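Visitor: Sequence plus predicted model, see below.
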Amino acid sequence: MTLLYPTYFPNVASYIVMAKTEKIEFEVQDSYQKQTYRNRCYIYGANGKLGLHIPVQYSQNNRQNTSEILIDNTTNWQSIHWKSIESAYKTSPFFEYYEDDLTSLFTTKKKYLLNFNLECIEVINSCLNLDFDYSKTLQFNKEANEKDYRHLVNARKETQMKTTLYMQVFQEKHGFIHNLSVLDLLFNEGPNAKNFLRTQHLTF
């Protein structure tokens, strides 16, 4: 069993893990922490690496389980995120191919962060034609016996990894950026994205 956090449009490293295993256990019994990929992802915008952050209702004084975290819908963050994605990838080879699959994620209000993250993963899996079984943890264990990739959730400590390069929209302007959201890979590589993920070897 492979242990991983369900994050917002997971990065390429996380999707390499998911693409190379048949059974995933998502960690859902942890205490929520800020500055992680739980509520953020990074795409390649015209000015370089661009962060998309989902606003959440969270109090540092009252520790909450990740599964309890509510999305703060007082701002129109969904429209902002989709416009950012569209602006970044509208000229990519496969944006129009997947556009309709993804827009539904940004047209209705979402309540719980965890549920929304899982919904995003399911949509991406459908786009990738990627099948794997997943379950959710029933309790939190700091030390796990499984293949533990929970460290990939840490956004403060950049995952040092190297993969095969693929063409990115603004690569000539800013160079290749590793380990962005799987959205970057999907829009640029299309149907080849699944094969790309399965042929990579993670080195940290």
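Guide: Received it, and whenever you're ready, just let me know what you need. Worth saying up front: this structure is predicted, and the values here are computed from it rather than measured.
Visitor: Could you pick out the longest helix of this structure?
Guide: In the chain, with assignment by DSSP state H, the single longest helix is helix 113-128.
Visitor: Mind listing what's buried along that one?
Guide: Of all the residues in helix 113-128, those buried under the rule 16 or more other Cβ atoms under 10 Å are Leu113, Leu114, Phe116, Asn117, Leu118, Cys120, Ile121, Val123, Ile124, Asn125, Cys127, Leu128. Where C-beta positions appear, they are placed from N, C-alpha and C, glycine not excepted.
Visitor: Secondary structure class of the closest residue to the last one other than its chain neighbours, three-state.
Guide: I take that to be Leu128. Residue nearest to Leu128 in three dimensions, not counting chain neighbours: Lys194, with 4.7 Å by Cβ to Cβ, 6 or more residues apart in numbering. When classified by DSSP: H, G, I helix; E, B strand; the rest coil, Lys194 comes out as helix.
Visitor: show me the contacts for Lys194.
Guide: Ala19, Leu128, Asn129, Leu130 (Cβ atoms under 8 Å, 6 or more residues apart in numbering).
Visitor: Could you list every helix and strand that the longest helix of the chain packs against?
Guide: strand 70-71, helix 95-103, helix 182-189, helix 193-198 (3 or more Cβ pairs under 8 Å, 6 or more residues apart in numbering; DSSP states H and E).
Visitor: Past it, which element shows up next along the chain?
Guide: The first helix or strand that comes after helix 113-128 along the chain, using DSSP states H and E, is strand 133-136.
Visitor: looking only at pLDDT, what's the mean for that next one?
Guide: What strand 133-136 shows for mean pLDDT is 92.
Visitor: now for that strand, which elements pack on it?
Guide: Applying 3+ Cβ pairs under 8 Å, 6+ apart, we find strand 133-136 packed against strand 23-26.
Visitor: So which bits of the strand it packs on are buried?
Guide: Ile24, Glu25, Phe26.
Visitor: related to what we said a few turns ago, out of the helices and strands packed on helix 113-128, flag the one nearest Gln139.
Guide: Nearest of the helices and strands packed on helix 113-128 to Gln139, taken as Cβ to Cβ: strand 70-71 at 22.4 Å.
Visitor: which residues are in contact with that closest one?
Guide: Ile54, Pro55, Val56, Gln57, Lys110, Lys111, Tyr112, Leu113, Phe116.
Visitor: Tell me how far it lies from the chain's centre.
Guide: Remark: strand 70-71 is offset 17 Å from the chain centroid, using Cα atoms, centre = their mean, to the nearest Å.
Visitor: before we move on, back to that, narrow the contacts of Lys194 to those that are buried.
Guide: Ala19, Leu128, Leu130.
Visitor: I'd like the residues you listed laid out as CSV, including pLDDT and distance to Asp72.
Guide: Formatted as CSV, these follow (pLDDT from 0 to 100; distance: Cβ to Cβ, whole Å):
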residue, pLDDT, distance to Asp72
Ala19, 94, 32
Leu128, 97, 30
Leu130, 94, 31
